[in-house]
Structure formats: structure tokens, C-alpha cells
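**Student:** coords below, sequence missing:
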């Protein structure tokens, strides 16, 4: 990730053993692009469902996720 310019590494200001890792501008742009694409894809997938069906789906998915946690 660092070689690709997506993150920046710097020494921790208070702990010489630590390294602070943060997204670079390029990394933030990539995250923004991925989130935008994900939201657009989600809208496309859900567009065939009514609002009530979407709410039911969200409730059922939440229940499934809760059962495997």
C-alpha cells in the first residue's frame, strides 16, 4: 500500500516503537471512488424492490448477521 502511494507511514510522536499509518490523498480518493461505486451498485440492486420490501430485506439481513455473531 505504501509503494502504491495509498498510505503514509510516520513515527509515532510519543512512542518510538510505534508507527502511525494513515491514508494518503490518493488512498482517500480511492476509498471515495469505491464507496461511490458501492452505493450506486446498491441502488441498482435494490431498485426492483418496493420500499417495504427493502425494509423487510434489511430486517432479515440484520437478523441473519445477528445469528452468526
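**Tutor:** It's in. Keep in mind that what you see is a predicted model, and the values were worked out from it rather than measured.
**Student:** and after the helix ranked longest in the chain, which helix or strand comes next?
**Tutor:** If you go by DSSP state H, the chain has its longest helix at helix 25-46. Downstream of helix 25-46, the next assigned helix or strand under DSSP states H and E is helix 51-68.
**Student:** For that following helix, what does the pLDDT average out to?
**Tutor:** Helix 51-68 shows a mean pLDDT of 96.
**Student:** Provide the angle between the direction of it and the direction of helix 25-46.
**Tutor:** 120 degrees (axes from the mean of the first three to the mean of the last three Cα atoms, to 10 degrees).
**Student:** The closest residue to residue 1 other than its chain neighbours bridge partners, please.
**Tutor:** Among residues not flanking residue 1 along the chain, residue 7 sits closest, at 4.5 Å (Cβ to Cβ, 6 or more residues apart in numbering). Using the backbone N, CA and C atoms, a C-beta is placed for each residue, glycine as well. Counting by DSSP bridges, residue 7 is bridged to residue 23.
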